[in-house]
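Engineer: Below are the sequence and a predicted model; questions follow.
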Amino acid sequence: MKKIYSFLMFVCVFNASCYALSVNTEEPRLIVADKIEYNAKSEEIKTVGNTEITNKSGQRMTLTDSYISQQSGGLMGSDIQIWLGQHVYVESDSVNRTGDLTIAHEATFTACANCDSYGDAWDVWASKIVHNSETRMLSFYNPVFYAYELPIFWAPYMSMPDPGVKYKTGLLMPDMGSTNKMGTQINIPVYLSLSETHDMTFTFSYLTQENPLFQLEHRLNASHSEFRTSGSFTHNKEGENRWHIFNDDIIELGDNARATIFLERTSDKTYLQKYGFYSAQPYLDSGAKLEVFGQSSYAVADMHVFQELRDVSGNYSAPDGNILPNIRAVHQTAPLFGETYATFGADVLGISGDGFSSQRMIGDIRLTSPWTLWGGNRLTASLSTRYDLYNFGTTEMIDGTTYSGPKKRFLPSGYLEWGLPLFKPTSNWTQILEPRVRITFMRNLQDDEFALDNDSAGTILTDTTLFSDNRFSGYDLWENGTYADYGVRWSAYSESGHDMEIFLGQSYDFTDKESVDLNSGFSDGLSDYVGRISYKNSKWLNLASRFRLSQDNLALRHMETSAHIGKNGTFLNIGHIWSDNMGDAFLRAGDVNEAVVGAGIQLSNRWALRWNAIYNMDIGSFQSHTGGVFYNHPCYYMSLQYRRDNAIKQDYVGTTTFQFKIGMAIDGVQY
């Protein structure tokens, strides 16, 4: 007979809170048995037959013919098992306790009970398991590790934290893979638990053809903030110190303010790619941000310092100066009359770069008055005024000259917009047809040339550019004329989860422009046509496409398409962008023709295949592709992945790399 002499003793072996399965009558629990007898005088419980005891947290014990003493906390029984989770249990021939030590003899522990019909994925048998309730560590003597009831290896001794411990310092599961022409890489991570809200992971990476790599991840959660830092360092065989550091801190300053600190720096342009930390970012952004917000007001102050990672960049593809500072505040009033409201805005920006600088101050006010008229007609009128003050230092202007000194301008604008949504509900579908027209006027009363790229880089006509207050990105570039935007949107949705939309629109300029970007979609008078088409259902399909057609012959000028097909882990994702480049200086030479494809096949509830690729259709080759096979078991997981990178930049030449991972899981939580 398997007998146990102290209920509390054995529970403390695997439960950090010993009172959780205590026999204390003040602790809610459930005892189910074939027969239960209770002695009120001695406060003793006796059960006959199969017995199950469940505590407040849901953990349960099964045994036969038990005896429980309320006064002494003792328990006797046979065939005892303690379940610490859905798949976690321990059983033993006998248990005894001395001080902080609880000793289980001839014991078996597993976190993978009943995970497979053909046996537990793994369990550990030991001649003796000792639990120290003070250190909360389990020590296994002569442990034998079994996989599907087959002995795999034996060790004279091993230790681990008990499952009730959420965080414990120690070695994590290593992983390995090939690297970019640096041989095989073996990662050995060490987890350091500093408190329940503060920890870090240090990883030593051994490379067969390069010097070791050291990595560190630091995590700290405070009551109203969180801090995240990751970094790496190596001293390579060429004698170079190469490194990176990423940091992201969020600090809540009460109910109406939040501060963010972010840092992204690396030793050189190719280190992130070569050592596997690169995620296709064109530049790194470091700085800080302070946000203050109220019910109808918002203010943000931020600064940015950039590090370029590309070999070639220009004013139109990446920030070429540091932003110190950028302050923007907006306040919207309550309705002044009817639904009419006012919006006040202020903007301060400073940019400093290699030999140039500029500062600006902007104040603007807008009055917006929306009306709903007879027949469902919607009319919105808006008037805005804005005053700019600039100070330039050797800054390139739009006309190509370099200027130093102050500039100012007064910029009034306004628009009048009409729309009429027409609804047609039926038993299965609801259709909406909405024509929309907006007339916008904008004036630059000074007619001065302003900075080329303070924060504006021109405009590209899209379906989202129509009906906007300013068709140019940013604040610096400003139109001087009157134009009309018009379009029609049809949409339909059903109760069964189907949703469709079609939009087509165009812009017309009443004012002739001195120069026109050939790729912008605008021309003298009529612009190109822009539109979008989408369809989705709630089950397995989501399609969307945005396009631009030439206003001369309806030739396709630009198209972005995305599709998601599938469900339950089996899917196909397709993204495609094509743009006709007419040789303008703002864009790189050659047409843009690129596809992104992702696919997944769920072979079973545990096995899956995944694959993703970026394909440059203009030159007919892959930029990169990656894939792998993944196995997720309730008790462990493993994956084998590859990545092919065809990039070539300075000392980095892309190649194929592989990575193999395996890890344990307890109750579905991966470690």
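Structural biologist: Yep, it's here. Residues are numbered from 1 along each chain as shown.

Engineer: tell me the contacts of residue 276?
Structural biologist: Counting by CB atoms under 8 Å, 6 or more residues apart in numbering, residue 276 makes contact with 179, 180, 657. All C-beta atoms are positioned from the backbone trio N, CA, C, and that covers glycine.

Engineer: which one is residue 118 nearest to, not counting chain neighbours?
Structural biologist: Leaving aside its sequence neighbours, residue 118 sits nearest to residue 148 (CB to CB, 6 or more residues apart in numbering; 6.9 Å).

Engineer: isn't the one you found right up against residue 115?
Structural biologist: No: checked against CB atoms under 8 Å, the pair residue 148 and residue 115 is beyond contact range at 10.2 Å.

Engineer: So for these two, which sits in the more crowded spot?
Structural biologist: Ranked by neighbour count (other CB atoms under 10 Å), residue 148 and residue 115 place residue 115 first, with 18 against 13.

Engineer: So that one belongs to a strand, correct?
Structural biologist: No: Residue 115 sits outside any strand when classified using DSSP: H, G, I helix; E, B strand; the rest coil, being coil.

Engineer: give me phi/psi at it?
Structural biologist: With angles defined as degrees, to the nearest 10, residue 115 sits at phi -80, psi -30.

Engineer: Check the residue nearest to it when sequence neighbours are not counted and give its pLDDT.
Structural biologist: Nearest residue to residue 115 in three dimensions, chain neighbours excluded: residue 634, at 4.7 Å (CB to CB, 6+ apart). For residue 634, the pLDDT comes out at 77.

Engineer: number of nearby residues for the residue nearest to residue 277 when sequence neighbours are not counted?
Structural biologist: Nearest residue to residue 277, sequence neighbours excluded (CB to CB, 6+ apart): residue 244, at 5.9 Å. When neighbours are counted by other CB under 10 Å, residue 244 registers 20.

Engineer: these two touch, right, residue 244 and residue 271?
Structural biologist: Yes: at 6.1 Å, residue 244 counts as touching residue 271 under the criterion of CB under 8 Å.

Engineer: What's the separation between residue 463 and residue 179?
Structural biologist: Distance check for residue 463 against residue 179: by CB to CB, to the nearest Å, it reads 44 Å.

Engineer: Let me fix that, I meant to ask about residue 508.
Structural biologist: According to CB to CB, residue 508 stands 57 Å off from residue 179.

Engineer: and residue 278, that one's in a strand?
Structural biologist: No: assessed with three-state DSSP, residue 278 is coil; it does not lie in a strand.

Engineer: neighbours around it, how many?
Structural biologist: 17.

Engineer: who's in contact with it?
Structural biologist: Residue 278 makes contact with residue 272 under the criterion CB under 8 Å, 6+ apart.

Engineer: try 10 Å
Structural biologist: 244, 266, 270, 271, 272, 309, 645, 647, 652 (CB atoms under 10 Å, 6 or more residues apart in numbering).

Engineer: Confirm residue 375 sits in a helix?
Structural biologist: Yes: looking at residue 375 with three-state DSSP, it is inside a helix.

Engineer: how many neighbours does it have?
Structural biologist: Neighbours of residue 375 (other CB under 10 Å): 7.

Engineer: Make sure it is actually in contact with residue 420.
Structural biologist: Yes: counting by CB atoms under 10 Å, residue 375 does reach residue 420; the two are 7.4 Å apart.

Engineer: where's the residue nearest to residue 142 when sequence neighbours are not counted relative to residue 139, distance?
Structural biologist: The shortest distance from residue 142 to any non-neighbouring residue, by CB to CB, 6+ apart, is to residue 127 (4.5 Å). In this view, residue 127 and residue 139 are 12 Å apart by CB to CB.

Engineer: Also residue 449?
Structural biologist: Separation of residue 449 from residue 139 (CB to CB) stands at 78 Å.

Engineer: With neighbour numbers in mind, choose between these two.
Structural biologist: Neighbours per residue, other CB under 10 Å: of residue 449 and residue 139, the larger number sits with residue 139, 18 against 13.

Engineer: can you give me the mean pLDDT across the helix or strand where the more buried one lies?
Structural biologist: Element membership of residue 139 [criterion: DSSP states H and E] is strand 137-141. Across strand 137-141, the average pLDDT comes to 87.

Engineer: now the following helix or strand past it, how far from the chain's geometric center?
Structural biologist: Next helix or strand after strand 137-141 toward the C-terminus (DSSP H and E): strand 144-147. Its chain's average C-alpha position is 38 Å from that of strand 144-147, according to CA atoms, centre = their mean, to the nearest Å.

Engineer: same question, stretch 650-659
Structural biologist: Remark: stretch 650-659 is offset 25 Å from the chain centroid, using CA atoms, centre = their mean.

Engineer: And stretch 634-650, by the same measure?
Structural biologist: Stretch 634-650 sits 19 Å away from the centroid of its parent chain (CA atoms, centre = their mean).

Engineer: residues near the closest residue to residue 559 other than its chain neighbours, how many?
Structural biologist: Residue nearest to residue 559 in three dimensions, not counting chain neighbours: residue 547, with 4.5 Å by CB to CB, 6+ apart. As a burial measure, residue 547 scores 20 neighbours (other CB under 10 Å).

Engineer: And for residue 222?
Structural biologist: 11.

Engineer: wait, what's in contact with the spatially closest residue to it that is not a sequence neighbour?
Structural biologist: Here the nearest residue to residue 222 in space, its sequence neighbours aside, is residue 197; by CB to CB, 6+ apart that works out to 7.1 Å. Each residue near residue 197 by CB under 10 Å, 6+ apart is listed here: 167, 219, 220, 221, 222, 223, 226.

Engineer: unless I'm mixing things up, the residue nearest to residue 118 is touching residue 117, no?
Structural biologist: No: counting by CB under 10 Å, residue 148 stays clear of residue 117, with 11.2 Å between them.

Engineer: any shared contact partners between residue 244 and residue 271?
Structural biologist: Shared contacts of residue 244 and residue 271, counting by CB under 10 Å, 6+ apart, come down to 232, 277, 278.

Engineer: In contact with residue 376, which residues?
Structural biologist: Residue 376 sits next to 419, 420, 421, 422, 423, 434 when contact means CB under 10 Å, 6+ apart.

Engineer: swap the cut-off to 7 Å and go again
Structural biologist: 420, 421 (CB atoms under 7 Å, 6 or more residues apart in numbering).

Engineer: How about residue 381?
Structural biologist: If you count contacts by CB under 7 Å, 6+ apart, then residue 381 has 369, 416 around it.

Engineer: Secondary structure element holding it?
Structural biologist: strand 378-396.

Engineer: Report the strands that pair with that strand, each with its relative direction.
Structural biologist: Counting by DSSP bridges, the strands paired with strand 378-396 are strand 357-372 (antiparallel), strand 402-419 (antiparallel).

Engineer: Now distance to residue 486 and mean neighbour count too, for those strands, in JSON lines please.
Structural biologist: Converted to JSON lines, these look like this (distance: least, CB to CB, whole Å; neighbours: other CB atoms under 10 Å):
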{"stretch": "strand 357-372", "distance to residue 486": "18", "mean neighbour count": "17"}
{"stretch": "strand 402-419", "distance to residue 486": "9", "mean neighbour count": "16"}
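
Engineer: any chance of the ones you listed in TSV, with distance to residue 604 and mean pLDDT too?
Structural biologist: What follows is those, written out as TSV (distance: least, CB to CB, whole Å; pLDDT from 0 to 100):
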stretch	distance to residue 604	mean pLDDT
strand 357-372	55	94
strand 402-419	51	93
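
Engineer: Show me where the chain has its helices.
Structural biologist: In the chain, the helices defined using DSSP state H lie at 7-14, 271-274.

Engineer: In the stretch 301-450 of the chain, where is pLDDT below threshold?
Structural biologist: Scanning the stretch 301-450 of the chain for pLDDT under 70 picks out the ranges 312-320, 447.

Engineer: tally of neighbours for the residue nearest to residue 115?
Structural biologist: Residues lying near residue 634 (other CB under 10 Å) number 20.

Engineer: So residue 309 sits against residue 285, correct?
Structural biologist: No: assessed by CB atoms under 7 Å, residue 309 is found out of contact with residue 285, at 11.0 Å.
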